[in-house]
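Visitor: just coords:
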């Protein structure tokens, strides 16, 4: 993402913040991400979101910029954290020698990467088999270059539900943007949903609008459309 493009998103949030106390319902751009909480918090600050919680680590965390709070999903127990730790130790033991890297910064989920993406994706069946054998309640999914292992009962959908309840938001007051099938959780929670042109074709089929532009340029185009 180019810095100047992110600055334009931040400008949208600054304008919304300036009129918040007057209208009370101007849109604020926030994040719903599978990335670790520190990344999501940093992006929250870059985008000048001071009003609306961020969903991070696929629903594990909410970061609330209003009072700098980090809120883990209360449905995650000490036993769940121990289970994730055991699964991560198994992954490091079994795949570490192959050059597989565990993404740092995650608390209750695991994401793994390898420079040869095709080789990484070949590991998915072994992960599914091991998790079932050990009774680890983790679902296995993938993005373009990562394999994600998440608690079965925690997701972007549960994170969005917690955020919307915290803010008193209804579906009719929310819009969303996504690019992977994991973002169907956003589609289901908002009245208007859009995709940049680089989004998964299966997700585009569920969009109210598909931008002709990719990535951040597509996001800015979608924000312009929402403002009209």
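Guide: Arrived safely, thanks for sending. These numbers come from a predicted model, not from an experiment. Numbers count the residues shown, from 1 in each chain.
Visitor: those helices in this structure, which residues are they?
Guide: 3-18, 20-23, 37-46, 78-95, 117-121, 124-134, 156-167, 184-187, 201-204, 215-227 (DSSP state H).
Visitor: Now tabulate the ones you listed in a markdown table and tack on mean pLDDT.
Guide: Formatted as a markdown table, these follow (pLDDT from 0 to 100):
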| stretch | mean pLDDT |
| --- | --- |
| helix 3-18 | 87 |
| helix 20-23 | 48 |
| helix 37-46 | 95 |
| helix 78-95 | 98 |
| helix 117-121 | 97 |
| helix 124-134 | 98 |
| helix 156-167 | 94 |
| helix 184-187 | 92 |
| helix 201-204 | 96 |
| helix 215-227 | 91 |
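Visitor: If you count neighbours, what's buried in stretch 4-12?
Guide: Neighbour-count burial for stretch 4-12 flags 6, 8-10, 12 (criterion: 16 or more other Cβ atoms under 10 Å). In this view, the C-beta of every residue, glycine as well, is placed from N, C-alpha and C.
Visitor: ok, residues contacting it?
Guide: For stretch 4-12, contacts defined as Cβ atoms under 8 Å, 6 or more residues apart in numbering pick out 27, 29, 46-48, 216-217, 219-220, 223, 227.
Visitor: one more time with 7 Å
Guide: Residues from elsewhere that reach stretch 4-12 (Cβ atoms under 7 Å, 6 or more residues apart in numbering): 29, 46-48, 216-217, 219-220, 223.
Visitor: Likewise for stretch 156-173?
Guide: 25, 32, 52-53, 55, 58-59, 62, 73, 174, 182, 185-186, 188-191.
Visitor: show me the contacts for the nearest residue to residue 32 once chain neighbours are set aside.
Guide: Distances taken as Cβ to Cβ, 6 or more residues apart in numbering place residue 55 nearest to residue 32, at 4.2 Å, with adjacent residues excluded. Contact analysis of residue 55 by Cβ under 7 Å, 6+ apart lists 31-33, 62, 156, 159-160, 163.
Visitor: Could I get the pLDDT score of residue 55?
Guide: pLDDT for residue 55: 97.
Visitor: which residues pair with it across the strands?
Guide: Judged by DSSP bridges, the bridge partners of residue 55 are residue 32, residue 62.
Visitor: who wins for most neighbours among the contacts of residue 55?
Guide: Within the contacts of residue 55, residue 159 tops the neighbour count with 26 neighbours, counted by other Cβ atoms under 10 Å.
Visitor: Report the separation between that residue and residue 130.
Guide: 26 Å (Cβ to Cβ, to the nearest Å).
Visitor: re earlier: any chance of the buried residues of stretch 4-12 in CSV with distance to residue 147 as columns?
Guide: Below are the buried residues of stretch 4-12 laid out as CSV (distance: Cβ to Cβ, whole Å):
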residue, distance to residue 147
6, 27
8, 33
9, 29
10, 32
12, 34
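Visitor: out of those residues, which one sits closest to residue 89?
Guide: Set against residue 89, the nearest of these by Cβ to Cβ is residue 6 (36.5 Å).
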